[in-house]
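Undergrad: no sequence on this one, just coordinates:
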């Protein structure tokens, strides 16, 4: 097996900043789970820093914990609109 290089070390990043959400989103799946090491080839030391930064960004509300259940890719439901004007009668009587 060839030794792979850590992509974070290849970029020369020493400290992973929790405020850099564009960088952190690269290591989150479409279900907002942290990508494991065997997929991302991140070194163990950097994986721990990365997980801590993602958790901190979630706590500070920079990243979501879960997906928005209303933002789905399914077709929107049809809304029936009543186009006929509704006649309302005003009564002066008190019941």
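TA: On my side now, so go ahead. Remember, it's a predicted structure, so these values are computed and weren't measured experimentally.
Undergrad: Need the residues that contact the lengthiest helix in the chain.
TA: Scanning the chain for the helix with the most residues, using DSSP state H, yields helix 44-59. With contacts defined as C-beta atoms under 8 Å, 6 or more residues apart in numbering, helix 44-59 is touched by 6, 8-9, 15-19, 21, 24, 27-28, 34, 37, 40, 42, 63-65. Quick note: C-beta positions are derived from backbone N, CA and C, even for glycine.
Undergrad: where's the most centrally placed residue in the chain, which helix or strand?
TA: What sits nearest the mean C-alpha location of the chain, by C-alpha atoms, centre = their mean, is residue 64, with 4.6 Å. For residue 64, there is no enclosing helix or strand under DSSP states H and E.
Undergrad: Check the one 4 residues further on too.
TA: Assignment of secondary structure by DSSP H and E places residue 68 within no helix or strand.
Undergrad: For it, list the residues it contacts.
TA: Counting by C-beta under 8 Å, 6+ apart, residue 68 has no contacts.
Undergrad: So which residues of the protein form helices?
TA: In the chain, the helices defined using DSSP H lie at 7-11, 21-24, 37-40, 44-59.
Undergrad: Taking the contacts of helix 44-59, please make a ChimeraX selection of just the buried ones.
TA: Under the burial definition 16 or more other C-beta atoms under 10 Å, those of the contacts of helix 44-59 that qualify are selected in ChimeraX by:
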select :6,8,16,18,24,27,28,34,37,40,42,63
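Undergrad: Extract the residue ranges of the protein that are flagged as low pLDDT.
TA: By pLDDT under 70, the weakly predicted segments of the chain are 1-2, 69, 71-95.
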